[in-house]
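I need the structure of the sequence given here:
(2 chains)
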Amino acid sequence: MKNKRYLAGPYLFWSISFVVIPLLVVFYYAMTNDEGSITFANLAQITTQENLKALGMSLLLSFVSTAICLLLAYPLAMILSSKNVNQSSFIVLIFILPMWMNFLLRTMAWQTLLEKNGVINSILSFVHLPALEIINTPGAIILGMVYNFLPFMVLPIYNVLIKIDRDVINAARDLGASSSYTFLKIILPLSIPGIISGITMVFVPALTTFVISDLLGGGKILLIGNVIEQSFKQNSNWHVGSGLSMVLMVFIIASMALVAKYDKEGEGSSF
Amino acid sequence: MIKKYLEKIYLFLIFILLYAPILTLIVLSFNNSKTRAKWGGFTLKWYSSLFQNEQIMNALYTTLIISLLAAVIATVIGTAAAIAIHGMKQKWRTLYSGLTNIPMMNAEIVMGVSLMLLFIAFHVTLGFGTILIAHITFNIPYVILSVAPKLRQTSRRTYEAALDLGASPLYAFFKVTFPDILPGVLSGFMLAFTMSLDDFVITHFTKGPGVDTLSTKIYSEVRKGIKPEMYALSTLLFVTVLVLLILVNVSPKKDAETAAARKHVRRRSRAGRILIKRVIPVAICLVFVGGGIYYASKGQMLTKEKLIVYNWGEYMDPDVITLFEEETGIDVVYEEFETNEIMYPKISSGAIAYDLVCPSDYMIQRMRENDLLAEINFDNIPNIKNIGKDYLERSKEFDPENKYSVPYCWGTVGILYNKTMVDEPIDSWSVLWDEKYKDNILMQDSVRDAFGVPLKYLGYSLNSTDLDELNEAKDLLTRQKPLVQAYVIDQVRDKMIGNEAAIGVIYSGEAIYTQQENPNLEYVIPKEGSNLWIDSWVIPKNAEHKENAEQFINFLCRPDIALMNFEYITYSTPNTAARELIEAESIRNSKIAFPDLSTVPNLETFQYLGTKNDEVYNELWNKVKSK
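Presented below is the predicted three-dimensional model:
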């Protein structure tokens, strides 16, 4: 049985080569300047007024969209877990199938829907309701984030909820707990691993996106992801880009630590 | 009962949220009009032109092959790893699960950037291989996470019993353990395949020239307006997968009464399921691989002679490329960029050897000053005689001896306005600061173009390097920001056609097209003056196929070809022989397309201002954008 361990060899090699070492390369770029000497100037770039504002905006929008995702996803996961749906077909419907329409196109389609003379406003004006003016505002970006990342919140919560032993809930009810009390004392605490995992699965990509703000923000709202993307692709200032990426890593590591604390068994994993 | 209805309504609303954009795209794929801003009636033409569009089909096959290869390799490595990790002690297991979590949790942008830096640090040429490696990297964790739970459900005892009965470990594994974890392996594979297919960010950072997946192709088209063929392709993909899934999910039904019957049915349905799950994917794979080989061989036959062209998005009629390939047998690899600033680092880093690039005036000056350009051998370009003398004279501002560049398109920057939304006659940049048009103004999203507007408005030079003047311009832009609906580059076209805004800053070439689509639009060059720009072909110093590049320039200067391009992109051509061939007199003598340069005052060409000044401009622009 010992030799089984070698089966992990290729994976270990792959992970070190293409996950760990690349991160070290980013770290190297972040800590050096063009001449190759060590500097903290790249990390300090985050404190400039523009970058701080971008980071603040990113944090704000990702907090809000994570909260909305959670509020939308929890009832959805509860409804689905109480129904006897086939799990794989549910995942496919909510998660896999939409992905066959490219994510950029789907996000672009929201432009067509949200624009001043777009589909939604045409419908609203048809029924004499006031127009929805959120295109090119933070509101549109939040909508884009919620739309793109909602499945990442639903799946972990759903996976935790279906694993809750029905007997525990029945016992609580037998002992006289009301349904809201049962929810607060039994279901909610037991679903914490899923919630935490869902929060990180939404928060991290929302914090670091540059595509959604690009497509739905009208170029008026700069997120930290846009700043990093520009420093690599337009200004070709790799050192500053790496420095800012390292700052982002702080938030990512914090998220990983949070998951490690609350979801030790990996119950809340999405798949 | 009420709760039931509420639940149904809730599910329905979520379903709408998730599928509204998809429905929109499907509808757009039947739209007869080229712009998404207008419904031009029902058509199926995009579905037929899709298969003739070599660029999209190539991107599709690149995407499918990368996704397939990445998913297969990731499934093998991931399944092996999951089995090994399952047999490990707790300590090691935690370590490995941490390792698996890094790519899952890490931000895509950080992962993309890190891989890009790795490849560049080790001098790996960015291209197909690097995209594949990157995709395998982010796919493996999905496979491991799908297989691991199935492994936990398997019993060690059956495996050990098999060993006791004399089976070799390998035999026992394939006969006992593997069938149990097969569903996990398959769903891991499918997840990995789908993730690969939909990835944009990581591909964006790890791709090289000439390789485009659907995602990166779409992204390069975003600013110019997505080609409707793309909607058609997405619809086809979506519907195909939908049908496949319905097939897979509907066929095996299990609702037997007795235990025995249930067992029986289940066994049979499992066989059926495996049949469908195996036969269909295999069939799909065969189609993919066959199609890929077909398209690859089609490309291979011509690869003796190559030419790598790097041009603006939507800046050449695809038929022109096909014609050139047919006439010369040279295979053209065609890449697109969105702004001069995106193009420049790719050339200066030398990572990619482009043969022919089409930058604007000031960028040509910069490339020339930084010794990035090769002298063009004009003996190979007799058709240069078709280019108007005026334009070659103007070109001397950035190419003093006409040695490095051949003009391709030119035009002005001005204001496009919608006559139904603006009553007064517009002749000045000042309308861009008029509170009346709050949220109805579209502004340019590139640094120099954006600063050009207030600088000209204030009566300064477009090429000002005076800090006070620039700060004044910055303050004006900052003051303007609340009035601006969006900062865009080429989307201004679609938005103006769709009556989304009253006023937009636009290139004259786009104005002709927008007027054709929406006759209420009017273009004007403000009286304070504006920018006159020229985009010209240049050959980078590190070009590997210089003579092919010259042959292509010569081809583009042929009047019939220049005319084809003019009709496709509607940007003014410096080719006087081609202008004579334009049939419609209104366009041949159009004031927009071919303004009499002597009557328009204060037209200035951008000049390269040096790295230091570029930084000043960028910094000021960032200040405006982050306000």
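
quick one: the helices in the stretch 151-271 of chain A?
A:166-174, A:179-182, A:188-190, A:192-208, A:211-216, A:224-233, A:238-262 (DSSP state H, counting those that start in this stretch).

could you dump those to a markdown table with distance to residue B:477?
(Each C-beta comes from the backbone N, C-alpha and C, glycine too.) Converted to a markdown table, the helices of the stretch 151-271 of chain A look like this (distance: least, Cβ to Cβ, whole Å):
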| stretch | distance to residue B:477 |
| --- | --- |
| helix A:166-174 | 60 |
| helix A:179-182 | 54 |
| helix A:188-190 | 50 |
| helix A:192-208 | 28 |
| helix A:211-216 | 20 |
| helix A:224-233 | 18 |
| helix A:238-262 | 23 |
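
with mean neighbour count and distance to chain B added, can I get those in JSON lines?
Below are the helices of the stretch 151-271 of chain A laid out as JSON lines (neighbours: other Cβ atoms under 10 Å in any protein chain shown; distance: least, Cβ to the nearest Cβ, whole Å):
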{"stretch": "helix A:166-174", "mean neighbour count": "12", "distance to chain B": "16"}
{"stretch": "helix A:179-182", "mean neighbour count": "12", "distance to chain B": "11"}
{"stretch": "helix A:188-190", "mean neighbour count": "13", "distance to chain B": "18"}
{"stretch": "helix A:192-208", "mean neighbour count": "25", "distance to chain B": "4"}
{"stretch": "helix A:211-216", "mean neighbour count": "25", "distance to chain B": "7"}
{"stretch": "helix A:224-233", "mean neighbour count": "24", "distance to chain B": "6"}
{"stretch": "helix A:238-262", "mean neighbour count": "19", "distance to chain B": "5"}
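
compare the ones you listed and give me the one nearest residue B:507.
helix A:211-216 (20.7 Å; Cβ to Cβ).

touching chain A at all, the helix or strand residue B:368 falls within?
Using DSSP states H and E, the element containing residue B:368 is helix B:361-369. No - applying Cβ under 8 Å from any Cβ of the partner chain, one finds helix B:361-369 separated from chain A by no less than 13.0 Å.

Serialize the helices of the stretch 151-271 of chain A to a markdown table and add fields for mean pLDDT.
Converted to a markdown table, these look like this (pLDDT from 0 to 100):
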| stretch | mean pLDDT |
| --- | --- |
| helix A:166-174 | 88 |
| helix A:179-182 | 88 |
| helix A:188-190 | 91 |
| helix A:192-208 | 92 |
| helix A:211-216 | 91 |
| helix A:224-233 | 88 |
| helix A:238-262 | 88 |
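
quick check: phi and psi on the closest residue to residue B:359 other than its chain neighbours?
Leaving aside its chain neighbours, residue B:359 sits nearest to residue B:340 (5.5 Å; criterion: Cβ to Cβ, 6 or more residues apart in numbering or on different chains). Phi and psi for residue B:340, reported as degrees, to the nearest 10, are phi -60, psi -40.

quick one: contacts for residue A:209?
A:145, A:223, A:225, B:109 (Cβ atoms under 8 Å, 6 or more residues apart in numbering or on different chains).

among those residues, name the ones in strands.
Of these, none are assigned to strands by DSSP state E.

buried members of these into PyMOL, please.
In PyMOL, this line selects whichever of these come out buried by 16 or more other Cβ atoms under 10 Å in any protein chain shown:
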select buried, (chain A and resi 145+223+225) or (chain B and resi 109)
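
residue A:11: which of the contacts of residue A:209 is nearest?
Closest to residue A:11 out of these is residue B:109 (24.1 Å), distances taken as Cβ to Cβ.

next SSE after the helix holding residue B:368?
Past helix B:361-369, the next helix or strand by DSSP H and E is strand B:373-374.

which secondary structure elements does that next one contact?
strand B:539-540 (3 or more Cβ pairs under 8 Å, 6 or more residues apart in numbering or on different chains; DSSP states H and E).

okay, buried residues for whichever helix or strand comes after the strand it packs on please.
As assigned by DSSP H and E, the chain's next helix or strand after strand B:539-540 is helix B:546-556. Buried residues in helix B:546-556, counted by 16+ other Cβ under 10 Å: B:546, B:548-556.

repeat for stretch A:122-136
A:132, A:135-136.

roughly how far apart are residue B:429 and chain A?
As for residue B:429, its distance to chain A is 20 Å (criterion: Cβ to the nearest Cβ, to the nearest Å).

return the residues in contact with that residue.
Residue B:429 touches B:415, B:453-454, B:456-457, B:526, B:528, counting by Cβ under 8 Å, 6+ apart.

with respect to residue B:104, which of those residues is nearest?
residue B:453 (45.5 Å).

what strand or helix carries the closest one?
Element membership of residue B:453, judged by DSSP H and E, is helix B:447-457.

and what of residue B:117?
Residue B:117 belongs to helix B:108-121 when assigned by DSSP H and E.

how big is the angle separating that helix from helix A:238-262?
If you take axes from the mean of the first three to the mean of the last three Cα atoms, to 10 degrees, helix B:108-121 sits at 130 degrees to helix A:238-262.

what sits up against stretch B:158-166?
Against stretch B:158-166 from outside (Cβ under 8 Å, 6+ apart): B:169, B:171-173, B:175-177.

so where do the strands sit in the stretch 401-550 of chain B?
B:406-418, B:441-444, B:484-488, B:503-507, B:521-524, B:530-537, B:539-540 (DSSP state E, counting those that start in this stretch).

turn those strands into TSV, including distance to chain A.
Below are these laid out as TSV (distance: least, Cβ to the nearest Cβ, whole Å):
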stretch	distance to chain A
strand B:406-418	12
strand B:441-444	8
strand B:484-488	3
strand B:503-507	13
strand B:521-524	15
strand B:530-537	19
strand B:539-540	16
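
columns mean neighbour count on top of these, output as a markdown table?
Putting the strands of the stretch 401-550 of chain B into a markdown table (neighbours: other Cβ atoms under 10 Å in any protein chain shown) gives the following:
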| stretch | mean neighbour count |
| --- | --- |
| strand B:406-418 | 24 |
| strand B:441-444 | 24 |
| strand B:484-488 | 23 |
| strand B:503-507 | 25 |
| strand B:521-524 | 19 |
| strand B:530-537 | 24 |
| strand B:539-540 | 24 |
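
how about the ones you listed in a markdown table, adding mean pLDDT?
Below are these laid out as a markdown table (pLDDT from 0 to 100):
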| stretch | mean pLDDT |
| --- | --- |
| strand B:406-418 | 94 |
| strand B:441-444 | 93 |
| strand B:484-488 | 91 |
| strand B:503-507 | 94 |
| strand B:521-524 | 92 |
| strand B:530-537 | 94 |
| strand B:539-540 | 96 |
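
these into CSV, with extra columns for distance to residue B:576?
As requested, those are exported to CSV (distance: least, Cβ to Cβ, whole Å):
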stretch, distance to residue B:576
strand B:406-418, 11
strand B:441-444, 29
strand B:484-488, 32
strand B:503-507, 21
strand B:521-524, 22
strand B:530-537, 15
strand B:539-540, 23
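
report how many residues lie close to the residue nearest to residue B:627 when sequence neighbours are not counted.
Leaving aside its sequence neighbours, residue B:627 sits nearest to residue B:478 (Cβ to Cβ, 6+ apart; 5.3 Å). By other Cβ atoms under 10 Å in any protein chain shown, the residues close to residue B:478 number 15.

now do residue B:478 against chain A, distance only.
Taken as Cβ to the nearest Cβ, the span from residue B:478 to chain A is 12 Å.

looks like that residue contacts residue B:622 (just checking).
No - if you go by Cβ atoms under 8 Å, residue B:478 and residue B:622 don't touch, sitting 11.7 Å apart.
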